[in-house]
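J.: Following is a predicted model, sequence given first.
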Amino acid sequence: MDDLKNKLTQFYNKFNEDKRLDRRHGQVEFFTSMKYIHEYLKPGDRIIDIGAGPGRYSLYLKNEGYDVTAVEYVRPNIGKLRAKDKDIPIVEASATDLSMFRDDEFDLAIMFGPLYHLYEKEERLKALKEAKRICSGYIFVTYIMNEYAMIEYAFKDGHYKEVKDKLDPDFHINDPEAIFIHSRIEDMDDLNEQAGLKPVRRFASDGPSDYMRSCINAMDDETFAGFLDYHLKTCERKELLGASSHVVDILIK
């Protein structure tokens, strides 16, 4: 895990997550995820944001009046979060070990990051089981999808020759050295079953928006509002899920 922490520290020292979510293609992901989170929140709920990054979701929900605890593994993100809010509770911990928290301490858990940095299946299961242990209600878990990476990075961006030796015969990316781990719907179903978690809903948080970054970022307000409305009405369609760049499972015990 120390090697992973070093890799993530180097990556997030350079990567600006806030800037990504501020641009219109990133706003699609944020608006969509918040729409679903609000559907399952109740007044007074205690929220844990596991893998909070620089705090976009934690701070938004805290500013809405919820009791939010942020958990983050890498210090550059902790520093960014703390610079924005000196009072929000932040715990430096891995998603695979949340032993500092009690069973059922939280009403809702958000895990929008850890499962696309944990390569080993056992580590992913640990993270899911820890979220299950400490949360009495709904658990939101995000994955980065395999087909998005193949279509966008390997073929559209021209990196196929660099990655072809890291693909299995079915074009599933298999690279233990990668920062991001890519999943398919069947991988998510398998993890949920083994973790003893029941799916409530599944949605594409950004749908085709990552393929259309320059187009979406250039849209006028009316066109962007139309695109967002279209996306929100289609983001649970099964024929579109696997090709989204991010897919979110809503789970319960």
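T.: Arrived safely, thanks for sending.
J.: Would you list the phi and psi of residue 225?
T.: Dihedral pair for residue 225: phi -60, psi -40, per degrees, to the nearest 10.
J.: How much space separates residue 113 from residue 35?
T.: Distance from residue 113 to residue 35, counting by Cβ to Cβ, to the nearest Å: 19 Å. Just so you know, the C-beta spots here come from the backbone N, C-alpha and C atoms, and that holds for glycine as well.
J.: So which of these two has more stuff around it?
T.: residue 113 (22 against 14; other Cβ atoms under 10 Å).
J.: List the contacts of that one.
T.: Applying Cβ atoms under 8 Å, 6 or more residues apart in numbering to residue 113 gives the contacts 50, 51, 52, 53, 142.
J.: helix, strand or coil for the fourth one?
T.: The three-state label given to residue 53 by DSSP: H, G, I helix; E, B strand; the rest coil is coil.
J.: I'd say it and residue 71 touch.
T.: No: at 10.5 Å, residue 53 does not count as touching residue 71 under the criterion of Cβ atoms under 8 Å.
J.: okay, the two: which has more neighbours?
T.: Legend: neighbour count by other Cβ under 10 Å for residue 53 and residue 71, higher for residue 71 (27 against 24).
J.: Show me what the closest residue to residue 40 other than its chain neighbours bridges to in the sheet.
T.: Spatial nearest neighbour of residue 40, excluding adjacent residues (Cβ to Cβ, 6 or more residues apart in numbering): residue 138 at 4.6 Å. Residue 138 has these beta-bridge partners by DSSP bridges: residue 108.
J.: Then the one 5 residues further on?
T.: Applying DSSP bridges to residue 143 yields these beta-bridge partners: residue 247.
J.: residue contacts, residue 135?
T.: Residues near residue 135 by Cβ under 8 Å, 6+ apart: 48, 104, 105, 106, 107, 108, 109.
J.: What separation do you get for it and residue 241?
T.: 24 Å.
J.: And residue 197, by the same measure?
T.: Counting by Cβ to Cβ, the gap from residue 197 to residue 241 is 18 Å.
J.: What strands flank the strand or helix carrying residue 68, and is each parallel or antiparallel?
T.: Using DSSP states H and E, residue 68 maps to strand 67-72. The pairing partners recorded for strand 67-72 under DSSP bridges are strand 46-50 (parallel), strand 90-92 (parallel).
J.: What about residue 87, how many residues nearby?
T.: Neighbour tally, residue 87, other Cβ under 10 Å: 7.
J.: tell me the SS of it?
T.: Classified using three-state DSSP, residue 87 is coil.
J.: can you count the residues close to residue 212?
T.: Residues contacting residue 212 under the criterion other Cβ under 10 Å number 17.
J.: What score does it have for pLDDT?
T.: On the pLDDT scale, residue 212 is placed at 93.
J.: what's the closest non-adjacent residue to it?
T.: residue 25 (6.9 Å).
J.: you'd agree the one you found is in a strand?
T.: No: Residue 25 sits outside any strand when classified using three-state DSSP, being helix.
J.: okay but it is in contact with residue 213, surely?
T.: Yes: look at residue 25 against residue 213 with Cβ under 8 Å: they come within range, at 4.5 Å.
J.: Of those two, which one has the most company?
T.: A direct count of neighbours by other Cβ under 10 Å for residue 25 and residue 213 places residue 25 higher, at 23 against 15.
J.: From residue 182, how far out is the more buried one?
T.: 19 Å.
J.: In space, what's closest to residue 206 - neighbours in sequence excluded?
T.: Excluding the flanking residues, the one nearest residue 206 by Cβ to Cβ, 6+ apart is residue 29, at 4.1 Å.
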